[in-house]
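K.L.:
with the input below, show me the fold.
(one chain, ligands or ions: 2)
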Amino acid sequence: RKRIVLDTDPGVDDALAILYLAAHPGAEIMAVGSVHGNVRAPVAAENAVRVLELVGLTEVPVAVGARRPLSQALRTAEFVHGEDGLGGAAGPPPWRRPVVESAAEQIVRLARQHPGELSLLALGPLTNVALALMLEPRLPYLLREVVCMGGAFDAPGNINAHAEANVWHDPEAAELVLSGGFELRLVPLDVTERAWAGSTWFETVTGHDTPLARFASAISRHYVDVYSSLLKDVRGERGCLLHDPLAAAILMDPSMATYEEYRVMVELTGTHSRGATLVDRRGFVLPGTEQHRRRPVRVAVTADVPVMLEKMQQALVAV
Ligand code: BDR
Ligand code: CA
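P.N.:
Ligands and ions are numbered 1, 2, ... in the order given. As a prediction, the model looks like this:
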């Protein structure tokens, strides 16, 4: 079983990714950390607790993570995920409190306790992972692997023409993590923009009266409204993009994607392109440059979306 530390900003698709992992027989969620992004970090932590409770994972610790990015003002995305981060369907506050340590401290402690064993899945801005790296410079050697949802290369961004949300919310953190020497796979918008859950997919889910199907339908309604209006000319039907579930699926089954190796850089100072992710496709990198010193990461370029959608659906409709 993969032992997973999850870093997340639930967030509708984050919540669905947690449900995906909870249903996966090969996944063991060791701990969850929240981060600012879709909503504020304490709200994201509450939502993570709610989702874990729903699937009976009441022992999994949830830590509140960074409340703001490393060097810019906090910006959240309630207009996409709802005021409560779960499309207005979060319900009453959960009884379980987050743990006292921070999400970054939790990552470091667990990585030291289980060297070489843990997979870190980052589904939000990379602030906690960057802070963890600052606390423990050996982190890249202590973790088995890191999988991040983030970035946009040939695909346009989803915040502006260049920037994907998780990178845009904290470009400095993303740059630190992508240059940090991790065994890292990046799942960018180029593949997640194909993870469209359309009306037939949702009809199947809403047609089942299981607790998870009811929850997924309720939290997705607002998110689907937003995506349907944003992409109405492209998609022509109601639906939404399941970014984070695709990253979770790719973590669990690396062969579900194909990859290209790049040294990924984050634009930190562009007037119009701050938060863009850049790669050099010239086929050579000049020795001695900063870029040359950077360990390449594997960027997902294709992914088996139908398999992810099928497994996501099975997780929701199972009794
Ligand atoms: C990413 O940003 C958030 O809106 C989603 O939860 C996902 O992690 C997609 O760009
Ligand atoms: Ca997310």
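K.L.:
give me the local confidence score for K232.
P.N.:
Looking at K232, its pLDDT stands at 89.
K.L.:
ok, now the one 4 residues further on?
P.N.:
In this prediction, G236 carries a pLDDT score of 90.
K.L.:
for E145, what are phi and psi?
P.N.:
Note on E145: its backbone torsions stand at phi -170, psi 160 [degrees, to the nearest 10].
K.L.:
any idea how far ligand 2 is from whichever residue of the chain sits closest to ligand 1?
P.N.:
Here the chain gets closest to ligand 1 at one residue, A165, 3.5 Å apart by Cβ to the nearest ligand atom. Every residue, glycine included, has its C-beta placed from N, CA and C. Distance of A165 to ligand 2, given as Cβ to the ion, to the nearest Å: 8 Å.
K.L.:
just A104 next, same as before
P.N.:
In this view, A104 and ligand 2 are 17 Å apart by Cβ to the ion.
K.L.:
D244 contacts D9, doesn't it?
P.N.:
No. D244 is beyond contact range of D9, at 9.2 Å (criterion: Cβ atoms under 8 Å).
K.L.:
the two: which is more packed in?
P.N.:
Applying other Cβ atoms under 10 Å to D244 and D9 shows that D9 carries more neighbours, namely 35 against 31.
K.L.:
so the more buried one makes contact with L123?
P.N.:
Yes. Using Cβ under 8 Å, D9 makes contact with L123 at a distance of 7.0 Å.
K.L.:
re earlier: what is in contact with D244 and D9 at once?
P.N.:
Common neighbours of D244 and D9 (criterion: Cβ atoms under 8 Å, 6 or more residues apart in numbering): L123.
K.L.:
contacting residues for the residue minimising distance to the centre of the chain?
P.N.:
Centroid-nearest residue in the chain, with Cα atoms, centre = their mean: L123, separated by 1.4 Å. The neighbourhood of L123, defined by Cβ under 8 Å, 6+ apart, consists of 6-9, 11, 13-14, 17, 148-149, 166, 244, 247-248.
K.L.:
all helices of the stretch 101-250 of the chain, in order?
P.N.:
Secondary structure of the stretch 101-250 of the chain by DSSP state H, counting those that start in this stretch: the helices cover 103-113, 127-135, 139-142, 165-168, 171-178, 189-192, 199-206, 211-230, 232-235, 243-252.
K.L.:
output the last one as CSV, restricted to C-alpha atoms.
P.N.:
Spelled out, it's helix 243-252. Coordinates of each C-alpha in helix 243-252 appear next as CSV, following Å, rounded to 0.1, in the frame of the first residue of the first chain:
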residue,chain,number,x,y,z
HIS,A,243,-8.1,18.2,-11.6
ASP,A,244,-7.3,16.8,-8.2
PRO,A,245,-8.9,13.3,-8.6
LEU,A,246,-6.7,12.9,-11.8
ALA,A,247,-3.6,13.7,-9.8
ALA,A,248,-4.7,11.2,-7.1
ALA,A,249,-5.3,8.6,-9.7
ILE,A,250,-1.9,9.2,-11.3
LEU,A,251,-0.2,9.0,-7.9
MET,A,252,-1.8,5.6,-7.3
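K.L.:
would you mark the buried spots in it?
P.N.:
Residues H243, D244, P245, L246, A247, A248, A249, I250, L251, M252 are the ones in helix 243-252 that count as buried (16 or more other Cβ atoms under 10 Å).
K.L.:
ok, now how distant is the residue of the chain closest to ligand 1 from F182?
P.N.:
Distance of A165 to F182, given as Cβ to Cβ, to the nearest Å: 21 Å.
K.L.:
these two: who's more crowded?
P.N.:
Ranked by neighbour count (other Cβ under 10 Å), A165 and F182 place A165 first, with 24 against 21.
K.L.:
strands of this protein, residue ranges please.
P.N.:
Counting by DSSP state E, the chain has strands at residues 2-8, 27-34, 62-63, 118-122, 143-149, 184-187, 196-197, 240-241, 257-262, 265-266, 277-278, 297-303.
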